[in-house]
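*Asks:* What follows is a predicted structure for the sequence shown.
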Amino acid sequence: MCLPRTEIQTNYCQHVYPFFRRLYFPMTIEEIRAEITQIDEEIIHLIARRQSLAGKIAAIKKESGIPVHDNQRKNDVLDYVMKLAKAEHVDPVPIRGIFETLISMNEKAQRAAMDPPATRKSTRK
Ligand SMILES: C=C(O[C@@H]1C=C(C(=O)O)C=C[C@H]1O)C(=O)O
């Protein structure tokens, strides 16, 4: 914090301090948060793109009688993303959890695409 008393101190506070502050902290908290928000937007866009493929794969699976859940493929996806995370020095354990969630979302979307609510038989009596 800068509390100027003399003219020299005022000059330091108004010109020199912001210069060195910027040198030590190149980004303000607002700038960092703006970048985080931008990254979050990109993540949501990529998740939506991943989810949008569920309908296409569901149509092929339904036509060929292939089950929605494929454990071998799931394990391959998880192994691969954990390997990518390690290479980026990111903890692979939470990354595994994130991708388990994404896979489960994809499978849910596939089931919904195969059996949309309008065609689903009512279980109500
Ligand atoms: C997308 C598929 O269906 C499921 C969803 C997966 C995923 O979201 O990556 C992987 C395996 C399957 O359990 C697939 O079979 O490739």
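*Replies:* All right, it came through fine.
*Asks:* State the number of residues packed around residue 99.
*Replies:* Neighbour count of residue 99, defined by other Cβ atoms under 10 Å: 18. C-betas here are computed from N, CA, C, even on glycine.
*Asks:* Against residue 108, how distant is it?
*Replies:* Applying Cβ to Cβ, to the nearest Å, the value for residue 99 to residue 108 is 15 Å.
*Asks:* what residues does this protein put near the ligand?
*Replies:* 57, 69-70, 73-74, 77, 103, 106-107 (Cβ under 6 Å from any ligand atom).
*Asks:* Using PDB, write out every CA atom in stretch 37-57.
*Replies:* Output in PDB follows, covering the C-alpha atoms of stretch 37-57 (Å, rounded to 0.1, in the frame of the first residue of the first chain):
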ATOM      1  CA  THR A  37     -13.300 -17.400 -17.300                       C
ATOM      2  CA  GLN A  38     -12.200 -17.600 -20.900                       C
ATOM      3  CA  ILE A  39     -10.700 -21.100 -20.300                       C
ATOM      4  CA  ASP A  40     -13.900 -22.200 -18.500                       C
ATOM      5  CA  GLU A  41     -15.900 -21.100 -21.600                       C
ATOM      6  CA  GLU A  42     -13.500 -23.200 -23.800                       C
ATOM      7  CA  ILE A  43     -13.900 -26.200 -21.500                       C
ATOM      8  CA  ILE A  44     -17.700 -26.000 -21.700                       C
ATOM      9  CA  HIS A  45     -17.500 -25.700 -25.500                       C
ATOM     10  CA  LEU A  46     -15.300 -28.800 -25.700                       C
ATOM     11  CA  ILE A  47     -17.600 -30.800 -23.400                       C
ATOM     12  CA  ALA A  48     -20.600 -29.800 -25.500                       C
ATOM     13  CA  ARG A  49     -18.700 -31.000 -28.600                       C
ATOM     14  CA  ARG A  50     -17.800 -34.300 -26.900                       C
ATOM     15  CA  GLN A  51     -21.400 -34.700 -25.900                       C
ATOM     16  CA  SER A  52     -22.700 -33.900 -29.400                       C
ATOM     17  CA  LEU A  53     -21.000 -37.100 -30.600                       C
ATOM     18  CA  ALA A  54     -23.100 -39.300 -28.300                       C
ATOM     19  CA  GLY A  55     -26.100 -39.200 -30.700                       C
ATOM     20  CA  LYS A  56     -24.000 -40.300 -33.700                       C
ATOM     21  CA  ILE A  57     -22.300 -43.100 -31.900                       C
END
